[in-house]
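Novice: sequence unavailable; structure follows:
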């Protein structure tokens, strides 16, 4: 099994980003390198002025799902941003913004939260992927 | 398996065999994978030979932390059921 995990984050809702953050932290804990590539609505959620806002949940969550997520948050669950920051601190995690998505959403690098390490194109993402699994969320 | 009389479930070693804990990391209230991440931070900050105890009420910790400890080359001293939380004791080996 490759020592690299590659996550392509497309969805910008808090539940999917939370799931991605947990997968990242777990892989980083095992010493895997994790490459995260931010596209579309996930990228939008990493804007510095939006990252701490509520990004909603995937449609399948429904009202019961919303209540369950709210309860977990009230019980003190760490935010996905915090979990990602912790994973970056303890492991080898690189977060890159997709340059095409930056153009589509009219985002400048200075608009992004500092947790994002840089901007790259899809080819650079594949080259860095190092034959590891690629997971699309 | 008969546990000690205080009701604690004995899993790896008896409580009396736990070496002196260098540092206790109270991760109760933290959700998966928070307790493991806090342990990793503690291991990184500590010295070889340190004994770290993690307190966690996350259900994943008692399976995930021992697996991580084995993979990372440290020593699992024990996993203790403390009632509404678990105490996982680890010795830093490298």
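Specialist: Noted; the coordinates are in hand. Being a predicted model, the structure only gives us computed values, none of them experimental.
Novice: show the average pLDDT along stretch A:99-119.
Specialist: For stretch A:99-119, mean pLDDT is 96.
Novice: and the end-to-end length of it?
Specialist: One end of stretch A:99-119 to the other measures 6 Å (Cα to Cα, to the nearest Å).
Novice: in that stretch, what's buried?
Specialist: A:99, A:101-102, A:105, A:107, A:111-113, A:115-116, A:119 (16 or more other Cβ atoms under 10 Å in any protein chain shown). C-beta here means a position set from N, CA and C on the backbone, and glycine is covered the same way.
Novice: now do stretch A:57-64
Specialist: Those would be A:57, A:61, for stretch A:57-64 by 16+ other Cβ under 10 Å.
Novice: kindly check the end-to-end length of it for me.
Specialist: Stretch A:57-64: ends 11 Å apart by Cα to Cα.
Novice: out of the buried residues of stretch A:99-119, which is nearest to chain B?
Specialist: residue A:115 (15.6 Å; Cβ to the nearest Cβ).
Novice: which strands and helices sit next to the helix or strand where residue B:41 lies?
Specialist: Using DSSP states H and E, residue B:41 sits in helix B:34-45. With contacts taken as 3 or more Cβ pairs under 8 Å, 6 or more residues apart in numbering or on different chains; DSSP states H and E, helix B:34-45 sits against helix A:14-29, helix A:80-90, strand B:23-26, strand B:51-56, helix B:61-72, strand B:86-91.
Novice: in helices only, show me the buried residues of stretch A:99-119.
Specialist: A:99, A:101-102 (DSSP state H).
Novice: ok, those residues vs residue A:66, which is closest?
Specialist: Looking at those and their distance to residue A:66, the nearest is residue A:101, at 26.9 Å (Cβ to Cβ).
Novice: isn't the closest one right next to residue A:45, touching?
Specialist: No. Look at residue A:101 against residue A:45 with Cβ atoms under 8 Å: they stay out of range, at 11.6 Å.
Novice: and the pLDDT for residue B:10?
Specialist: 47.
Novice: out of the helices and strands packed on helix B:34-45, the one nearest residue B:78 is which?
Specialist: strand B:86-91 (5.2 Å).
Novice: how far is that closest one from where the chain is centred?
Specialist: Centroid separation for strand B:86-91 versus its chain: 1 Å, with Cα atoms, centre = their mean, to the nearest Å.
Novice: strands paired with that strand, and their directions?
Specialist: Paired strands of strand B:86-91, with direction, are strand B:51-56 (antiparallel), strand B:75-81 (antiparallel) (DSSP bridges).
Novice: so which of the ones you listed is the most packed in?
Specialist: strand B:51-56 (a mean of 22; mean count of other Cβ atoms under 10 Å in any protein chain shown).
Novice: give me the buried positions along the lowest-mean-pLDDT helix or strand in chain A.
Specialist: One helix or strand of chain A scores below all others by mean pLDDT, DSSP states H and E: helix A:122-128, with a mean of 92. By neighbour count on 16+ other Cβ under 10 Å, the buried set for helix A:122-128 is A:124-125, A:128.
Novice: count the residues that sit near residue A:69.
Specialist: 16 (other Cβ atoms under 10 Å in any protein chain shown).
Novice: any weak-confidence spans in the chain?
Specialist: Looking at chain A here, since you left the chain open. A:1 (pLDDT under 70).
Novice: my bad, chain B
Specialist: Using pLDDT under 70, chain B drops low at B:1-17.
Novice: can you pull up the most central residue in it?
Specialist: Nearest to the mean C-alpha position of chain B, counting by Cα atoms, centre = their mean, stands residue B:88 at 1.6 Å.
Novice: quick check: beta-bridge partners of that one?
Specialist: For residue B:88, the beta-bridge partners under DSSP bridges are residue B:54, residue B:79.
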